[in-house]
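Peer 1: can't give you the sequence, but here's the structure:
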């Protein structure tokens, strides 16, 4: 097994159950990691890409990685992939709609990358902050980690439906997809989406408070 992959697995096993990494461990030996010159760095919509993970080929390509933050980010993609259902983490490919959830997936992947490996980066800044907001809708944040590594998009939606409508959940996720290649000029749009999520969370809190007050009132009769 590649040394970097081994260190990656051992690091994660210190903070989470082996079940989260079961599928990844079984196919880790088939994962390839190739390093390229930064001169060969690909670009998409004017943005340079320092690393990629190809789920179909189970292959990581690194073009620039000063402190191995790109490698651990791409390894998280590999560890949360389900090639059978064309899913990676919280992103899923639909035959007609194409990829959905890429924004949330990149944001949450980088959030975990920073937490688990202590990497301080500005990668996917807006998306990381928005993913952290959505994490608050989980009563137990470890459940979101588990859903991520199991590439369970459906479980994510199910958790969000406890606090919002299906339309609201899909709107937030697809709105986050728009931030994949946006720059600082999208600050207003970011703040609008952040406020939208915050309003739903406040609504959830107030609803729960009213329910608890009602239950308490009934129990006192």
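Peer 2: Noted; the coordinates are in hand. This is a predicted model, so every value here is computed, not measured. Numbers count the residues shown, from 1 in each chain.

Peer 1: gap between the nearest residue to residue 147 once chain neighbours are set aside and residue 86?
Peer 2: Sequence neighbours aside, residue 155 is the residue nearest to residue 147 in space, at 4.4 Å (criterion: CB to CB, 6 or more residues apart in numbering). In this view, the C-beta of every residue, glycine as well, is placed from N, C-alpha and C. Distance, residue 155 to residue 86, by CB to CB, to the nearest Å: 17 Å.

Peer 1: where in this structure is pLDDT low?
Peer 2: Flagging of the chain using pLDDT under 70 yields the residue ranges 46, 85, 182-185, 210-221.

Peer 1: so how far is residue 89 from the residue nearest to residue 147?
Peer 2: Distance, residue 155 to residue 89, using CB to CB: 12 Å.

Peer 1: can you check residue 26 too?
Peer 2: 18 Å.

Peer 1: comparing the two, which shows the higher neighbour count?
Peer 2: Using other CB atoms under 10 Å as the criterion, residue 26 and residue 89 rank with residue 89 on top: 27 against 9.

Peer 1: residue contacts, the more buried one?
Peer 2: Going by CB atoms under 8 Å, 6 or more residues apart in numbering, residue 89 touches 76, 77, 80, 81, 101, 105, 108, 109, 148, 149, 151.

Peer 1: if we go to 6 Å?
Peer 2: Residues near residue 89 by CB atoms under 6 Å, 6 or more residues apart in numbering: 80, 105, 148, 151.

Peer 1: greatest separation within those residues: which pair is it?
Peer 2: With CB to CB as the measure, no two of the contacts of residue 89 lie farther apart than 105 and 151, at 9.4 Å.

Peer 1: the two: who's more crowded?
Peer 2: Taking residue 105 and residue 151 together and counting by other CB under 10 Å, residue 105 has the greater number of neighbours (31 against 26).

Peer 1: follow-up on the earlier one: just the contacts of residue 89 now: which is nearest residue 50?
Peer 2: Nearest to residue 50 among the contacts of residue 89, counting by CB to CB, is residue 105 at 17.0 Å.

Peer 1: run through the helices of this protein in chain order.
Peer 2: Listed in chain order, the helices of the chain (DSSP state H) span 3-13, 22-27, 69-79, 102-117, 125-135, 141-149, 153-160, 166-177, 187-219.

Peer 1: just checking, what packs against the fourth one?
Peer 2: Contacts defined by 3 or more CB pairs under 6 Å, 6 or more residues apart in numbering; DSSP states H and E place helix 102-117 against helix 69-79, helix 125-135, helix 166-177.

Peer 1: now do 10 Å
Peer 2: Packing partners of helix 102-117 (3 or more CB pairs under 10 Å, 6 or more residues apart in numbering; DSSP states H and E): helix 3-13, helix 69-79, strand 87-88, strand 91-94, helix 125-135, helix 141-149, helix 153-160, helix 166-177.
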